[in-house]
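[1] Kindly return the folded structure for what I paste below:
(one chain, ligands or ions: 1)
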Amino acid sequence: MRAPRVGVLALQGDTREHLAALRAAGAEASTVRRRSELDAVDGLVIPGGESTAMSHLLLDFDLLEPLRARLADGLPAYGACAGMILLASEILDAGADGRAALPLGGIDMTVRRNAFGRQVDSFEGDIPFEGLDSNVRAVFIRAPWVERVGDDVQVLARAAGHIVAVRQGAVLATAFHPEVTGDHRVHQLFVDMVNGRGDPAAT
Ligand code: GLN
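    From the prediction side, this is the model:
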């Protein structure tokens, strides 16, 4: 089997660490900035950054509707922090009118933007993650949390009582940044999902 082609949306945010983590997890990783690059990938990572800025860059680059369409068509995706916000079906505190973060609808969930940021800008801790045999170091930077999940959404991790990692089908999202820790297990999970493995229903 060839290595899966996994793109990292590279309009804004921390792309380099995701590319390295994906390669360590066995993927052929590349940046995605244009439609042809989006069309060529088997899976997509949406990195952390600023979800409002990324939304409007998606519009400027004519990628918003093509990405929504590919997600609706089953494209495997993983969003970290700002990426989690964008993958939601509903965003609370989305930002000022006209510049607000725009939901892509990859996961049936309601996410509150900057939720932890209101309490404490940045923090980290070791938390259990469903399916992993030991805790992951979770680094939160002005992070969102998940306030509602649909029936088909699996909750993978919580921090301080809030949902911070979820999966629905082939779409994964974390409120934290595993790409900065050197622990590639979350990226490995995603690459396995892109390969059609690691389905919770099958394990
Ligand atoms: N607060 C940012 C946003 O609203 C997310 C922060 C991050 O990605 N580290 O998009």
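[2] low-confidence ranges in this protein?
    198-203 (pLDDT under 70).
[3] Name the residues of it found near the ligand, please.
    G48, G49, E50, S51, C81, A82, I85, R113, N114, G117, I141, R142 (CB under 6 Å from any ligand atom). Every residue, glycine included, has its C-beta placed from N, CA and C.
[4] Compare these and tell me which has the most neighbours.
    With neighbours taken as other CB atoms under 10 Å, the top of the residues of the chain next to the ligand is I85, carrying 35 neighbours.
[5] List of residues touching the helix or strand that contains that residue?
    I85 belongs to helix 82-87 when assigned by DSSP states H and E. Among residues not part of helix 82-87, those counted as contacts by CB atoms under 8 Å, 6 or more residues apart in numbering are 9, 13, 45-51, 54-55, 71, 77, 79, 91, 101-107, 111, 113, 144, 146, 171, 173-175.
[6] Just the ones of these in helices?
    The helices, defined by DSSP state H, take in S51, M54, S55, L71 from these.
[7] Most neighbours of all those residues, which one?
    S51 leads these on contacts (other CB under 10 Å) with 31 neighbours.
[8] Would you mind measuring from that residue to G117?
    In this view, S51 and G117 are 12 Å apart by CB to CB, to the nearest Å.
[9] residue boundaries of the strands in the protein?
    5-9, 28-32, 43-46, 77-80, 88-92, 107-112, 122-127, 136-141, 145-149, 154-159, 162-168, 171-174 (DSSP state E).
[10] Taking their axis directions, the longest one and strand 136-141 sit at what angle?
    Using axes from the mean of the first three to the mean of the last three CA atoms, to 10 degrees, the direction of strand 162-168 lies 110 degrees away from that of strand 136-141.
[11] Can you give the distance of strand 162-168 from its chain's centre?
    10 Å (CA atoms, centre = their mean, to the nearest Å).
[12] which other residues reach that strand?
    Contacts of strand 162-168 (CB under 8 Å, 6+ apart): 106-109, 115-116, 127, 129-130, 138, 140, 143, 145-147, 149-150, 152-158, 172-176, 193, 200.
[13] what residue lies at the spatial centre of the protein?
    G79 (0.7 Å; CA atoms, centre = their mean).
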